[in-house]
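K.L.:
Could you look at this predicted model? Sequence included:
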Amino acid sequence: MYEKYREQMSAKLQSMLKPEHQKILWVGDAIPQLEAHCIAEGREFVSVPSDIPWPEISRERPSLNLDLPEKHFDLLLVNHALEQAIDPERLLLYLRKYVQPEGMCFLVAFNIGHISTVVNLLTEGWSYQADGALRENHVRYFSNESLRYLMEQVGFDFVDEVVYQMVQNPALTKQLVQVMKNPYLGILSFIMIGRKVNTFPFIDFEEDTEKKAPQRRVPHRSEPSASPGS
Amino acid sequence: MKLGLLPLFIPEQALQNPEALVFSRLSFFSAILLSELKAFLGHKLPDVHCQTLLTLPEVLKYQPDVVLILSNSCDFAGVADWADNLKAALMCPVWLAGSHISHLPQSLPDTVDLGILGELELPVLQLLTLAFQAGGAHALTPQMYRKVPGVIYQQQGRMYSGAPAQELPELRAFPTPDLSAFQVLPAYFSAALRTARVNDSIFAQMAFPLTRKPRLYSVDYICDSMVNIVHHYQRYLSQCRLSPQVFRQVCSVFITDYQFVLQQKRLALIVEKMRALYLHHVCFLTVHMPVRAVTEETLLLLKSVNLQKVILSFGPFEHQEPLLPPCTAADLDRALALLKRFRVGVIGHFFVNPEAKTSRQQIFSTYVYLKANSFLFESLSHTVLGATPGLSLWEATAAQRKQRYSHWQQYPWASLSWEKLSPALPLAHKHLDKSFFQSVEKALNMLPTKPFVPPSHQEVILQNQAELVKAFAETYLFPEARILELVVDDTLALKPFLKDYHEIHQMHVKHGQLHGSLPQPVDVLVLVASVQSLRDPEKALKHALMGLKPGGVIYLSVLNPMFIGFIAQVLKWPARQSLTGYQVLKWFTDTTLINLLLGLGLELIHFKHVPASNIEQWRPTVEKLAKQFEQFGMQRISQYALYVQEINVLARKP
């Protein structure tokens, strides 16, 4: 089930790429087909290296020391990384500095309220799975509301959202939607699309006389590789 | 003679936002000031009848012989019209006092007969005495009051003033405030009390008329005023038939000034007298404190008289504004940690731009701090200050103000309100514009804070926790047992309740990792909710078990993910549960928890299911779900498991 999901999600993301998304920074689960496609089209497709402990970024460990140029990428693609991060907000806040001022983000995350999770909880009580919202290495879980809130908290204006529908037990789902008053029971994951905000508190002091401009670094181009979370 | 006191406290303002804290509204304090004046005049001139009035119909009904308006700069915009309407309707003189006119006498509207600069009592006393001699306030002429100290007036387009205002030499014999007006004030829930007259904060500077000579109220005055407040509450709430326990958590005394805690000797005497009067059994305290004044000694003292809330006002770190006590991130860190430890609710107020030279970086660094620590505040409000008389921001804009506003009536007084940033707010910053402050306000409004916790709730939580710990100790501990607890949330820790009886060591769980060093082997290892906050529970437990003696026991308590209340929450999954502050990273059922412990080589002693206290509330949902699962041929649901809220497990190290 999830193999098909990964394939279709990759194709969906590919279809969502726009010509202006020439430089893409990606973090999270590997998307080999998309990566190959981007490279073939001459786009820059850079990953947060797998040996960087990005899921552990936190107040105590606030930096990943990435060797990447700031304000460089047109698109930040976060593919099921938020579920693995102890502090998803800090991870996004850290990565957004590498996105150019007009840049965008695609945040892909599983829906914790999918019918499969509800059935899992009711029958087995949060039994961890090989993939999906209850994947073994997940520590954070998202609903449509919380993903959108997170995106706004880290300085991306909501542009649009795309949902990946996977209906299981349609009759039961329909009944539960009414009982639980949750319209997202049939949605397996969300792609939240945002545009970078450049007003307070997401401001860059290098344009002020108050602070020196940061040094620009040479872009790092990665080879296709598996992410620590995949 | 009837004196109408008009505090310009606008009821609609409070009603629009019933959750807003009334004491953040400057106009509310005009009413407090008038309650002091009313008591003073009642003492000195018993023939003068005073009444605090809020609306025009109330004034018209009362038919006063003279009206005294109190205004700060935020509500000054309406003063001229109020005076005009009152004079047209009642043909009575209108006097103006308050912080605004004290700081900016030249703005006295021509519809007002006279203004009173600085403290009110002596000038008003002299004016009323003159009015008696003249046969009524309407008969007073400038020739009669021109020599009254502190009085200003206009005549033929020119402004005249007498000698500087006189102040009461000392406040020892000052009568306690007359609180009768408060009964009609909307959203009234906290009786405010000032314990000094000194302009030592932005709040005092804006809310109260200028005081030239700082003075302290006496210990007797302060305690008598508190008794007065309690009596007022008793009268006001008599029909509610509250139990003494509940009354104590409703009856609130809000201390507005810093001197209450800064005068340590006096504070000790106040606390002593409060305890002698048993005030701590009938009311609770909310105290405005400078951040650096939050010390263990002060909190110990204040907790003994039922301190429940503290208000901390601060500006951007490293600011130089003398009216705002200095405060760094380290100061706030220390104060917030102490207040959390003492279980005192914190109401924060951030003055975004106290100085004309406040920089973006200063605001940004303070914002970043507040964002990371917002969960430590019960509420967090903010004010973008405009160029307001009495503040250094006013002086900084002198040149541009003269160019832009040819008359005081044109100045956007109403935009100076502390509650919401107005597009018309006159700023004093050269490099920071309105759009920047709008984005600051938007960002600050998005900061998540905890909901306001009523003191009664705080107390119930504390009692429940004490009972739970007592039950735990009776069941699982033996005398002088040495304990190691892995703590994820200090409010769930056993240590504060057991430290007198046991040697307790703590290790903390932060960001999914275990922090701290292992003590010498202990008899009992306790994890209340903390095993769920570890990214790798097996690895962390293996490490912690090295600190447990052979034969020692481990006690774990986790939330049951099959509890129907939790499952209902999963379907909503509010935003806060996806962010860092949410502590649960891993979920365990009794099976997975027991398997984890057995995998670590431990022997299971027993496990216990703690049922939800509100089973009946969930029964219809559970039965409906079970029926639907059955109807659609799904696996059977164990209804029993859905009512279990918590799982407790006890195991032994061989």
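P.N.:
Great, that's in hand. Quick caveat: nothing in here was measured; it's all calculated off a predicted structure.
K.L.:
got the contact list for the helix or strand that contains B:D220?
P.N.:
Secondary structure assignment for B:D220, by DSSP states H and E: helix B:219-236. Outside helix B:219-236, the residues within contact range by Cβ atoms under 8 Å, 6 or more residues apart in numbering or on different chains are B:171-172, B:174, B:176-177, B:179, B:182-183, B:191, B:193, B:195, B:247, B:250-251, B:253, B:260, B:266, B:269-270, B:273-274, B:277, B:279, B:282-283. Heads up, the C-betas are built off the backbone N, CA and C, glycines and all.
K.L.:
Then stretch B:516-528?
P.N.:
For stretch B:516-528, contacts defined as Cβ under 8 Å, 6+ apart pick out B:476-478, B:481-487, B:492-494, B:505-508, B:543-549, B:552-557.
K.L.:
Of those, which belong to helices?
P.N.:
Cross-referencing these against helices under DSSP state H gives B:476, B:543-545.
K.L.:
With neighbour count as extra columns, can I get those residues in JSON lines?
P.N.:
Below are the ones in helices among the contacts of stretch B:516-528 laid out as JSON lines (neighbours: other Cβ atoms under 10 Å in any protein chain shown):
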{"residue": "B:Y476", "neighbour count": "16"}
{"residue": "B:H543", "neighbour count": "12"}
{"residue": "B:A544", "neighbour count": "23"}
{"residue": "B:L545", "neighbour count": "19"}
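K.L.:
Same list, those, but as CSV with pLDDT and distance to B:S530 please.
P.N.:
Below are the ones in helices among the contacts of stretch B:516-528 laid out as CSV (pLDDT from 0 to 100; distance: Cβ to Cβ, whole Å):
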residue, pLDDT, distance to B:S530
B:Y476, 86, 16
B:H543, 97, 13
B:A544, 96, 10
B:L545, 96, 14
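K.L.:
Looking at those, which two lie furthest apart in space?
P.N.:
Spanning the widest gap among the ones in helices among the contacts of stretch B:516-528 are B:Y476 and B:H543, at 21.9 Å by Cβ to Cβ.
K.L.:
Spatially central residue in the chain, please.
P.N.:
In the absence of a named chain, chain A is used. The centroid of chain A falls nearest to A:V78 when counting by Cα atoms, centre = their mean (2.5 Å).
K.L.:
Tell me which helix or strand the residue of the stretch 351-500 of chain B found nearest chain A sits in.
P.N.:
Chain A sits closest to B:S439 of the stretch 351-500 of chain B, with a gap of 3.8 Å, by Cβ to the nearest Cβ. Element membership for B:S439, per DSSP H and E: helix B:434-445.
K.L.:
Name the residues of that helix that are buried.
P.N.:
Residues B:434, B:436-441, B:443-444 are the ones in helix B:434-445 that count as buried (16 or more other Cβ atoms under 10 Å in any protein chain shown).
K.L.:
For A:Q8, state which of those residues is nearest.
P.N.:
For the buried residues of helix B:434-445, with A:Q8 as the reference and Cβ to Cβ as the criterion, the closest is B:A443, at 37.2 Å.
K.L.:
what's the weakest-modelled helix or strand in the chain?
P.N.:
This is for chain A. helix A:170-180 (a mean of 79; mean pLDDT, DSSP states H and E).
K.L.:
That was the other one, I meant chain B.
P.N.:
Quick look at chain B via mean pLDDT, DSSP H and E: least confident is helix B:11-16, a mean of 48.
K.L.:
What is the distance between the lengthiest strand in chain A and the centre of its chain?
P.N.:
Secondary structure of chain A per DSSP state E: the longest strand is strand A:99-110. Centroid separation between strand A:99-110 and its chain, computed with Cα atoms, centre = their mean, to the nearest Å, is 8 Å.
K.L.:
ditto for stretch B:637-654
P.N.:
40 Å.
K.L.:
Once you drop chain neighbours, what's closest to B:A163?
P.N.:
In space, and not counting its chain neighbours, B:A163 is closest to B:P149: 4.2 Å by Cβ to Cβ, 6 or more residues apart in numbering or on different chains.
K.L.:
separation between the one you found and B:I116?
P.N.:
Here the distance between B:P149 and B:I116 works out to 10 Å (Cβ to Cβ, to the nearest Å).
K.L.:
what helix or strand is B:K273 on?
P.N.:
Going by DSSP H and E, B:K273 is part of helix B:264-276.
K.L.:
now the next helix or strand after that helix: mean pLDDT?
P.N.:
Next helix or strand after helix B:264-276 toward the C-terminus (DSSP H and E): strand B:284-289. Computed over strand B:284-289, the mean pLDDT rounds to 94.
K.L.:
residues of strand B:284-289 that come out buried?
P.N.:
Residues B:284-289 are the ones in strand B:284-289 that count as buried (16+ other Cβ under 10 Å).
K.L.:
where exactly do the strands run in chain A?
P.N.:
Remark: strands assigned in chain A by DSSP E are A:23-28, A:44-47, A:73-79, A:99-110, A:156-165, A:187-196.
K.L.:
where does chain A dip in pLDDT?
P.N.:
Scanning chain A for pLDDT under 70 picks out A:204-230.
K.L.:
Kindly report the same for chain B.
P.N.:
B:9-25, B:181-189, B:449-453, B:456-457, B:633-634.
K.L.:
In it, where's the longest strand?
P.N.:
Longest strand of chain B, by residue count under DSSP E: strand B:548-559.
K.L.:
Now the element after it, going C-ward?
P.N.:
Remark: after strand B:548-559, the chain's next helix or strand is helix B:564-572, criterion DSSP H and E.
K.L.:
touching chain A at all, that following helix?
P.N.:
Yes - using Cβ under 8 Å from any Cβ of the partner chain, helix B:564-572 comes into contact with chain A via B:566-568, B:570-572.
K.L.:
Enumerate the residues of the stretch 551-654 of chain B near chain A.
P.N.:
B:560-562, B:566-568, B:570-580, B:585-589, B:591-592, B:621, B:624-625, B:628-629, B:632, B:634-635, B:637, B:641-642.
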